[in-house]
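> Let's see this in three dimensions:
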Amino acid sequence: MRPVTRYPRPLRPGDRIGVTAPSSGIVAGLRPRLDFCVRTLRERGFDVVVGQCMSGDGVVSAPAADRARELTAMLTDPQIAAVVPPWGGELAIELLDLLDFEAIGSAEPTWLVGFSDLTTVMLPLTLLTGWATLHGENLMDTPYAVEPGHAPWWEIAGRSEGEAFTQRAAAAYRSTGFDDWEADPTVTQRRLDRSGRWSLLDPSAGAVDVTGRLIGGCIDVLAHVRGTPYGDLPAYGVAHARDGLVVYLEAAEQGALDVARALHGMRLSGWFVHASAVLVGRTLAPDSASYTQRAAVADALGGLGVPVVLDVECGHVPPRMPLVNGALARVVVDGARQEVTQTLV
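Numbering: from 1, shown residues only. As a prediction, this is how the structure comes out:
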């Protein structure tokens with residue numbers, strides 16, 4: 001039998017959303033932005049509860065044991081329909097051997113939403129429990145207007161099992177850093193200043209039309225879980241061999257040589273053995289002298305024999321296209337048609 005992805009119940013107005021910071025917390029100057037984001041969700045009809053692990057006084061929001069305990073409690077609380085951390089950070093990896101995956105896996109699934117360092121937890125959650133997780137905007141990004149062709153995370157979390165939806169490549173992206181949320185905590189419009197579409201690592205390969213289970217996240221952090229019980233993507237590929245995998249990865253800030261080493265390590269660990277395609281997120285991470293981020297991808301993934309799609313909106317460069325870990329995806333790149341259809345089966 002085909003392994004079943006476990007989807008949380010559809011998110012509806014009136015449902016409770018939990019906010020905790022499994023990695024970095026919120027400094028005092030950004031509290032107004034946090035309050036605005038919480039208020040935005042409440043105005044959409046959600047009941048929002050904010051946890052205790054939120055401090056921005058240090059690198060992390062609280063001791064690792066406290067962060068793991070609060071995240072486990074929220075994920076297993078039947079009254080909480082989604083957990084949406086404010087953002088990522090640096091040390092979510094500290095939680096992996098502290099989270100009670102047995103208790104989490106025995107509970108009804110809850111949406112965990114986010115990207116960046118949060119993928120250190122999201123990917124293992126999908127691999128170890130079968131829960132679908134939602135790779136998309138963090139809480140601090142939630143008030144931004146959604147670009148044409150994309151869907152907001154709360155709309156995707158509101159879909160029922162069995163539903164399908166299509167998202168398309170954005171026409172533009174942002175080539176600069178974050179907005180100044182201290183100066184304007186209520187900003188809701190992003191300035192996308194550069195045009196861009198998806199491209200193929202090997203343009204001569206022709207049109208792409210492939211399917212597979214979506215799985216992936218941030219290269220910078222996931223490189224450190226490969227080869228551990230929390231990053232056994234080869235086993236996940238074997239379990240889903242009938243469908244294949246669509247692996248998506250994006251570099252946050254590491255230089256091109258670091259990214260190349262990380263991707264080679266993933267390849268050597270078997271992360272792409274069952275891949276039907278690899279999606280690589282657009283990045284503003286630096287090149288390494290004359291060695292570019294594109295060269296890093298080409299060196300590590302160019303010999304896989306599957307399509308490698310570049311500049312996908314699945315990472316640190318806005319806008320961000322939500323992707324559901326565990327969903328069955330169809331990826332089409334054929335001239336102007338550039339899209340991902342996700343089916344919640």
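
> Can you pull the poorly scored residue ranges out of this protein?
Applying pLDDT under 70 to the chain flags residues 1-3.

> Got the domain ranges for it?
The record's domain split for the chain, according to automatic domain parsing, is 16-161, 167-343.

> could you dump these to TSV with distance to P8?
From N, CA and C alone the C-beta is placed, and that goes for glycine too. Formatted as TSV, the entries for the domains of the chain read as follows, by distance: least, CB to CB, whole Å:
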stretch	distance to P8
domain 16-161	4
domain 167-343	10
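
> could you dump those domains to CSV with distance to R9 and mean neighbour count?
Below are these laid out as CSV (distance: least, CB to CB, whole Å; neighbours: other CB atoms under 10 Å):
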stretch, distance to R9, mean neighbour count
domain 16-161, 7, 20
domain 167-343, 14, 19
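
> Nearest to Y7 among the ones you listed would be which one?
Shortest separation from Y7 across the domains of the chain is recorded for domain 16-161, at 4.7 Å, computed as CB to CB.

> Distance from the closest one to the middle of the chain?
Taking the mean of its C-alpha atoms, domain 16-161 sits 11 Å from the chain's own mean (CA atoms, centre = their mean, to the nearest Å).

> tell me the SS of the nearest residue to P78 once chain neighbours are set aside?
Distances taken as CB to CB, 6 or more residues apart in numbering put E108 closest to P78, at 6.4 Å, once the chain neighbours are dropped. In the three-state summary, E108 is assigned as coil, counting by DSSP: H, G, I helix; E, B strand; the rest coil.

> so who does E108 touch?
Taking CB atoms under 8 Å, 6 or more residues apart in numbering, we find E108 in contact with 8-9, 78.

> Where do the helices of the chain begin and end?
Assigned helices in the chain, in chain order: 31-43, 64-76, 101-106, 119-129, 153-157, 219-222, 233-239, 256-268, 293-301 (criterion: DSSP state H).

> could you say what helices and strands the third one packs with?
Other elements packing on helix 101-106 under the criterion 3 or more CB pairs under 8 Å, 6 or more residues apart in numbering; DSSP states H and E are helix 64-76, helix 119-129.

> again with the second one
Using 3+ CB pairs under 8 Å, 6+ apart as the contact criterion, the neighbours of helix 64-76 among helices and strands are strand 80-83, helix 101-106.

> same thing but 6 Å
helix 101-106 (3 or more CB pairs under 6 Å, 6 or more residues apart in numbering; DSSP states H and E).

> check contacts around V50.
Under the criterion of CB atoms under 6 Å, 6 or more residues apart in numbering, the contact list for V50 reads V19.

> For it, give its distance to L41.
Counting by CB to CB, to the nearest Å, the gap between V50 and L41 amounts to 11 Å.

> Then V308?
Between V308 and L41 the distance is 36 Å, computed by CB to CB.

> can you tell me which of the helices and strands packed on helix 101-106 comes nearest to L99?
helix 64-76 (5.1 Å).

> Between helix 119-129 and the closest one, find me the angle.
What separates the directions of helix 64-76 and helix 119-129 is an angle of 50 degrees, with axes from the mean of the first three to the mean of the last three CA atoms, to 10 degrees.

> contact partners of helix 64-76?
18, 20, 22, 51, 53, 80, 83, 94-95, 98-100, 103-104, 107, 110.

> Equivalent analysis for stretch 281-297, please.
For stretch 281-297, with CB under 6 Å, 6+ apart as the criterion, the contacting residues are 250-251, 253-257, 259-260, 280, 311-312, 314-315, 317.

> could you redo the last one with a cut-off of 7 Å?
Outside stretch 281-297, the residues that touch it by CB atoms under 7 Å, 6 or more residues apart in numbering are 173, 175, 196, 201, 248-257, 259-260, 263, 280, 308, 310-317.

> hey, C-alpha coordinates of that stretch in PDB?
Written as PDB, here are the backbone C-alpha positions of stretch 281-297 (Å, rounded to 0.1, in the frame of the first residue of the first chain):
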ATOM      1  CA  GLY A 281      15.100  28.400  -4.700                       C
ATOM      2  CA  ARG A 282      16.200  31.800  -5.900                       C
ATOM      3  CA  THR A 283      19.000  33.000  -3.500                       C
ATOM      4  CA  LEU A 284      20.800  36.200  -2.700                       C
ATOM      5  CA  ALA A 285      23.500  34.200  -0.900                       C
ATOM      6  CA  PRO A 286      27.000  35.300  -2.000                       C
ATOM      7  CA  ASP A 287      29.200  33.700  -4.600                       C
ATOM      8  CA  SER A 288      32.700  32.500  -3.600                       C
ATOM      9  CA  ALA A 289      35.100  34.600  -5.700                       C
ATOM     10  CA  SER A 290      34.600  33.300  -9.300                       C
ATOM     11  CA  TYR A 291      32.500  30.300  -8.100                       C
ATOM     12  CA  THR A 292      28.800  31.100  -8.300                       C
ATOM     13  CA  GLN A 293      25.700  29.700  -6.600                       C
ATOM     14  CA  ARG A 294      24.600  28.300 -10.000                       C
ATOM     15  CA  ALA A 295      28.000  26.600 -10.300                       C
ATOM     16  CA  ALA A 296      27.500  25.000  -6.900                       C
ATOM     17  CA  VAL A 297      24.100  23.500  -8.000                       C
END
